[in-house]
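Q: What follows is a protein structure lacking sequence information:
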């Protein structure tokens, strides 16, 4: 019974944030032609207006994000060409990250560095998980293999920890950067302003919800361990 309750709690933690984010984004994706300009056009307008003309705007299939290494705002096709409130607001959020980079906002730089380090840790964690059973068998010390296995699991969860720790950076991009830019440029319809705040919150949680899904890999390895 305890294992069932633990499993339900774990599944709720993993799935509910992502479900909420997707529901919010989908809800305000209609009507699809609510604004005259696309998300890409808005991003270009804001970048030029706030002194970031050198920052590019590109379409991508790898999720909406700002890449500080190439100075590029990347939007998925529905945001890049979309004219919905979701497209406009998410585009502004990513420009918010570009503005953070432009103003040398240190938490963004720390986050970018941590993400790169985390990716290496995750690869290391996966490698440790794969070799740990063999280490235990070769050394004939089962405890060593188990310790390596647990260490591998911990390293695989580092991306979730990083995104949780750096969540204030996402909120800054949404509410201290994107929202003021939208207000100053009178982009939003009056009736959309309160909905835009909900969208900006969802945009801030996007990375967290995505990284939580990676915990499923840890759950799968635990299942293997129990066998």
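A: Alright, I've got the coordinates. Because the structure is predicted, anything quoted here is derived from the model rather than measured.

Q: Tell me which helix or strand in the protein has the weakest average pLDDT.
A: Ranking every helix and strand in the chain by mean pLDDT, DSSP states H and E puts helix 142-156 at the bottom, with a mean of 53.

Q: show me the contacts for the residue lying closest to residue 51 once chain neighbours are set aside.
A: In space, and not counting its chain neighbours, residue 51 is closest to residue 102: 6.9 Å by CB to CB, 6 or more residues apart in numbering. For every residue, glycine as well, the C-beta is placed using N, CA and C. Residues in contact with residue 102 (CB atoms under 8 Å, 6 or more residues apart in numbering) are 50, 51, 52, 55.

Q: Filter those residues down to the buried ones, ChimeraX style.
A: One line in ChimeraX is enough to select the buried ones among the contacts of residue 102; burial here means 16 or more other CB atoms under 10 Å:
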select :50,52,55
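
Q: which ones among the contacts of residue 102 are found in helices?
A: With DSSP state H as the criterion, helices contain none of the contacts of residue 102.

Q: now, which of the contacts of residue 102 sits nearest residue 197?
A: Within the contacts of residue 102, proximity to residue 197 (CB to CB) peaks at residue 50, which comes in at 20.5 Å.

Q: Chain neighbours aside, what residue packs nearest to that closest one?
A: In this structure, residue 50 finds its nearest non-sequential neighbour in residue 99, 6.1 Å apart by CB to CB, 6+ apart.

Q: wait, that neighbour sits on residue 55?
A: No - contact criterion CB atoms under 8 Å: residue 99 and residue 55 do not qualify, at 9.4 Å.

Q: so where do the helices sit in this protein?
A: All helices of the chain, identified by DSSP H, fall at 2-27, 39-49, 77-80, 85-102, 106-139, 142-156, 158-165, 167-171, 179-184, 193-213, 215-226.

Q: The shortest one: which residues count as buried?
A: Spelled out, it's helix 77-80. Quick answer for helix 77-80 (16+ other CB under 10 Å): 78, 79, 80.

Q: now these in CSV, with pLDDT and distance to residue 30?
A: Below are the buried residues of helix 77-80 laid out as CSV (pLDDT from 0 to 100; distance: CB to CB, whole Å):
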residue, pLDDT, distance to residue 30
78, 96, 11
79, 97, 14
80, 98, 17
